[in-house]
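S.K.: got a predicted structure here, sequence first:
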Amino acid sequence: MNPRITLEQWQALVAVVDAGGYAQAAERLHKSQSSVTYLVQKLESLLDVKAFEIKGRKAALTPAGQLLYRRARVLLDEAAGIESAAKSASAGWEAEIRIAAEIVFPAWLLLKCFDKLNAESPHTRIEYIESAIAGTNEALLAGRADLAITVSIPQGFTGALLMPLRMILVAHPEHPLHKLGRPLTMRDLRAARQLVIRETDALRATKTMVEATQRWTVSHISTAIFAASMGFGYGWYPEERIRGELRDGKLKPLPLREGAERVGQLYLVYADRENAGPGTLRLAEIIQESVKVECASAAA
């Protein structure tokens with residue numbers, strides 16, 4: 001069976017819904033309003049179905065229209081994915097690869113991975129998005145990243161376990177919390193200054209586990225670690241990111257009665273595994289290989 005509806009007609013239907021009306025859809029698609037209206041009406045005629053009904057002064061989807069809209073979105077996404085894959089194939093390796101990575105992931109290790117990829121494909125540009133908490137998944141969902149290193153795999157995406165993540169509660173050895181000389185409680189933490197890393201997503205909805213009376217919020221983990229090393233507060237930081245500070249005596253684990261360590265996982269997630277280009281696939285392979293080597297070295 002040959003499809004009777006063109007992608008242009010499906011695009012018009014989706015645009016009317018997403019933009020909020022025919023006039024707005026026409027502006028988004030750079031068409032006249034009459035052209036958009038005709039495309040939708042032609043679609044309805046060919047399928048013998050009513051996609052919209054007028055409610056007040058607005059066009060609302062009928063139940064049948066809701067079904068068509070959902071399937072049309074999938075169809076358009078698939079079409080865009082095919083075009084993207086074709087573009088990558090015709091050019092060989094991608095011109096640019098975008099990766100969003102939680103700032104708790106060792107940046108030095110990721111930079112080494114970039115260098116290894118560029119040795120194989122020197123003309124591939126890399127955009128490295130340093131993100132925090134929900135901001136990493138937001139980059140995936142918004143289509144701003146081809147790969148992501150994140151603490152959770154968002155629904156609808158595929159990914160693989162990359163490495164365990166161990167967060168340690170630390171402060172400078174001369175910090176007043178260390179001077180207490182006993183196991184700490186959450187009350188002790190609430191009375192001291194906490195150093196928090198700002199989420200990079202728009203909502204910033206994740207709540208901190210400690211409602212400290214004093215809090216400094218910074219944009220990057222390096223700043224938070226630097227502030228903690230200067231004695232300005234405490235925080236939970238990845239063991240991999242503070243090995244040097246622990247070794248040099250700039251930071252020391254705090255003896256919290258419970259919860260001084262937090263263990264999680266980091267995942268490597270594709271924006272679109274099926275349509276990923278050769279460069280994206282190769283970078284993912286390099287990251288997995290490098291992390292495996294480093295984890296084995298740390299355990300030895």
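M.R.: Right, received. Where do you want to start?

S.K.: tell me the SS of residue 53?
M.R.: Following DSSP: H, G, I helix; E, B strand; the rest coil, residue 53 is assigned to strand.

S.K.: what is the burial count for the closest residue to it other than its chain neighbours?
M.R.: Leaving aside its sequence neighbours, residue 53 sits nearest to residue 62 (C-beta to C-beta, 6 or more residues apart in numbering; 5.3 Å). Using the backbone N, CA and C atoms, a C-beta is placed for each residue, glycine as well. If you count neighbours by other C-beta atoms under 10 Å, residue 62 ends up with 15.

S.K.: one more: residue 266?
M.R.: By other C-beta under 10 Å, the burial measure for residue 266, its neighbour count, is 22.

S.K.: go ahead and confirm it touches residue 160.
M.R.: No: applying C-beta atoms under 8 Å, one finds residue 266 not in contact with residue 160, separated by 10.4 Å.

S.K.: in the biggest strand by length in the chain, what counts as buried?
M.R.: In the chain, taking DSSP state E as the definition, the longest strand is strand 158-171. Along strand 158-171, these residues count as buried under the neighbour rule (16 or more other C-beta atoms under 10 Å): 159, 162, 163, 165, 167, 168, 169, 170, 171.

S.K.: ditto for stretch 236-245
M.R.: Buried positions in stretch 236-245, judged by neighbour count with 16+ other C-beta under 10 Å: 236, 237, 238, 239, 240, 241, 242, 245.

S.K.: contact partners of the one helix or strand the last one maps to?
M.R.: What it means is residue 245. Taking DSSP states H and E as the definition, one finds residue 245 inside helix 243-247. Helix 243-247 is contacted by residues 170, 225, 228, 229, 251, 252, 253 when judged by C-beta atoms under 8 Å, 6 or more residues apart in numbering.

S.K.: just to revisit the earlier point, what score does the residue nearest to residue 53 have for pLDDT?
M.R.: As predicted, residue 62 sits at a pLDDT of 90.

S.K.: pretty sure it contacts residue 51?
M.R.: Yes: using C-beta under 8 Å, residue 62 is in contact with residue 51, at 6.3 Å.
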